[in-house]
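*Asks:* I would like the atomic coordinates for the input below:
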Amino acid sequence: MKLSKIVIAVAVLAAGATSVTSAVAQAKEQFFPLLSYRTGPYAPNGTPWANGKQDYLKMINARDGGINGVKIAFEECETGYATDRGVECYERLKSRPGVTLFDPQATGITFALTEKAPVDKIPLMTLGYGLSVSQDGMAFKWNFPYLGSYWTGADILVQHIGKNAGGMDKLKGKKIALVYHDSPFGKEPIPLLQERAKMHGFELQMLPVTAPGVEQKATWLQVRQSRPDYVMLWGWGVMNSTALKEAQATGFPRDKLYGVWWAGAEPDVRDVGEGAKGYQALALNGYGTDSKVVQDILKHVYDKGQGTGAKDDVGSVLYTRGVIIQMLGVEAVRRAQERFGKGKVMTGEQVRWGMENLALDQKKLDALGFNGLMRPIATSCADHMGSTWARVQTWDGKKWGITSDWYQADEQILKPLVKTGADKYLADKKLTRRAPADCQS
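*Replies:* All right, here's what the predicted structure looks like:
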């Protein structure tokens with residue numbers, strides 16, 4: 001297994017020098033394992049995501065001296081987006097002292113780790129991806145799909161399409177095609193879309209694309225023949241730009257093409273340029289370089305020559321998402337320290353409690369430098385998601401721009417689906433729900 005070891009602990013000395021030491025040499029440290037993919041067809045999207053995660057940890061060490069005096073160490077492990085390699089990375093890193101949580105960075109890897117996490121007592125953060133039913137914290141004690149799931153994303157897209165059509169009632173008799181990555185990731189939104197199709201009377205056409213998605217001519221021939229009113233793109237990596245090029249070649253209107261938030265970043269549209277003009281995608285987070293947190297990363301990391309990637313990528317869509325992920329991990333540790341001991345290294349179990357009791361209101365987000373990048377989040381024993389909001393952005397041929405207000409997924413639709421799905425998962429695995437008393441642990 002190819003490992004890229006990037007175990008970094010930064011200490012600013014009186015002379016201004018920087019000391020890089022291994023995690024083993026640290027007296028006390030909070031260890032963040034970083035699963036990533038910088039190689040293969042998903043590298044253009046995986047790389048900025050991984051860079052943002054690393055840079056935020058570096059900034060916290062350099063600016064704050066760690067988390068209440070606890071230094072942060074990390075090690076990156078290359079998965080290539082492959083489930084088996086992701087599991088290998090997990091097994092390799094889970095026993096490191098001070099291990100905090102895992103962000104698998106792939107729905108397939110998340111599926112594989114969901115049964116391992118309760119045994120190893122290490123939480124999984126799956127921000128904007130993973131198992132949609134894991135929003136139910138009474139069924140999934142160790143999974144945290146912060147900020148949204150594929151069900152919330154699909155629900156918001158249907159709401160947005162309905163709004164553009166002149167009202168949800170206007171969807172009756174329409175045809176919506178789902179062009180999706182033929183993997184656990186791509187299949188996740190289907191139950192929600194089927195439910196919405198029954199509610200509103202539209203036809204749902206499902207068109208799977210074999211990974212990695214570089215060959216889609218047959219798929220878009222089907223689109224041309226069936227002539228859907230709208231197409232949803234549930235892609236990742238090279239699949240997204242390929243889909244946009246095929247849509248252009250077959251003449252499908254780009255303003256009738258809507259992508260999930262993993263199909264709405266700079267690498268997805270950069271090579272298509274004007275050919276993708278009018279394409280809309282969900283925006284799970286804000287982006288740009290104006291926020292205080294990004295300015296602090298530039299000041300404390302890049303100005304000192306410690307940046308993980310190219311400076312020009314700082315503040316991009318997926319880079320910023322990586323920063324948000326690591327902020328939430330750091331704040332979960334900080335929250336856990338409030339209960340279990342400020343200035344101490346937290347265990348995975350203690351971090352899990354912090355993740356379940358996270359409360360970041362707008363005032364707190366502003367203080368952390370995240371104003372404009374995300375909405376407040378508050379989790380509980382029952383709700384491991386904490387927020388179900390997203391906006392829509394539009395590609396103007398040269399850049400992304402936010403073009404809608406915030407939408408919130410419809411909990412009246414989601415909650416019954418989540419409860420039914422979670423109960424089925426528990427029954428299949430012969431597991432039971434948590435007792436209310438367990439919420440205090």
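*Asks:* Would you map the strands across the stretch 51-200 of the chain?
*Replies:* Secondary structure of the stretch 51-200 of the chain (DSSP state E, counting those that start in this stretch): strands at 71-78, 124-125, 143-144, 175-181.
*Asks:* of all those strands, which lies closest to Gln306?
*Replies:* With respect to Gln306, and counting by Cβ to Cβ, the nearest of these is strand 71-78 at 13.2 Å. C-beta: built from backbone N, CA, C; applies to glycine.
*Asks:* The closest one pairs with which strands, parallel or anti?
*Replies:* strand 3-4 (antiparallel), strand 29-36 (parallel) (DSSP bridges).
*Asks:* What strands flank the host helix or strand of Leu204, and is each parallel or antiparallel?
*Replies:* Per DSSP states H and E, Leu204 falls inside strand 203-209. Partner strands and pairing direction for strand 203-209 (DSSP bridges) are strand 175-181 (parallel).
*Asks:* Gln350: neighbour count?
*Replies:* 22 (other Cβ atoms under 10 Å).
*Asks:* and it, helix, strand or coil?
*Replies:* helix (DSSP: H, G, I helix; E, B strand; the rest coil).
*Asks:* ok, now how distant is the closest residue to Cys77 other than its chain neighbours from Gly251?
*Replies:* Spatial nearest neighbour of Cys77, chain neighbours left out: Cys89 (3.6 Å); criterion: Cβ to Cβ, 6 or more residues apart in numbering. Distance of Cys89 to Gly251, given as Cβ to Cβ, to the nearest Å: 43 Å.
*Asks:* ok, those two, which is more surrounded?
*Replies:* Taking other Cβ under 10 Å, Cys89 and Gly251 do not tie; Cys89 has more neighbours (24 against 9).
*Asks:* picking up where we left off before, how about the strand holding Leu204, which residues are buried there?
*Replies:* 204, 207, 209 (16 or more other Cβ atoms under 10 Å).
*Asks:* can you dump the C-alpha coordinates of the helix or strand just after it into CSV?
*Replies:* For strand 203-209, the succeeding helix or strand toward the C-terminus, using DSSP H and E, is helix 217-226. Output of helix 217-226 as CSV, limited to C-alpha atoms (Å, rounded to 0.1, in the frame of the first residue of the first chain):
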residue,chain,number,x,y,z
LYS,A,217,-22.0,8.5,-25.3
ALA,A,218,-24.6,5.7,-24.9
THR,A,219,-26.0,7.5,-21.9
TRP,A,220,-26.5,10.8,-23.6
LEU,A,221,-27.8,9.0,-26.7
GLN,A,222,-30.6,7.8,-24.4
VAL,A,223,-31.1,11.3,-23.1
ARG,A,224,-31.4,12.6,-26.7
GLN,A,225,-33.9,9.8,-27.5
SER,A,226,-36.1,10.1,-24.4
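*Asks:* For helix 217-226, give me every contacting residue.
*Replies:* 175, 177, 179, 205, 207, 209, 231, 243, 246-247, 249-252 (Cβ atoms under 8 Å, 6 or more residues apart in numbering).
*Asks:* Could you list the low-pLDDT ranges of this protein?
*Replies:* 1-27 (pLDDT under 70).
*Asks:* Swap in 80 and give it another go.
*Replies:* For the chain, applying pLDDT under 80 flags the ranges 1-27, 441.
*Asks:* domains of it?
*Replies:* Per automatic domain parsing, the structural domains of the chain span 3-148+287-378+420-440, 150-283+390-409.
*Asks:* and the gap between the residue nearest to Asp271 when sequence neighbours are not counted and Gly354?
*Replies:* Distance criterion Cβ to Cβ, 6+ apart; nearest residue to Asp271, sequence neighbours excluded, is Ser241 at 5.4 Å. Using Cβ to Cβ, Ser241 is found at 38 Å from Gly354.
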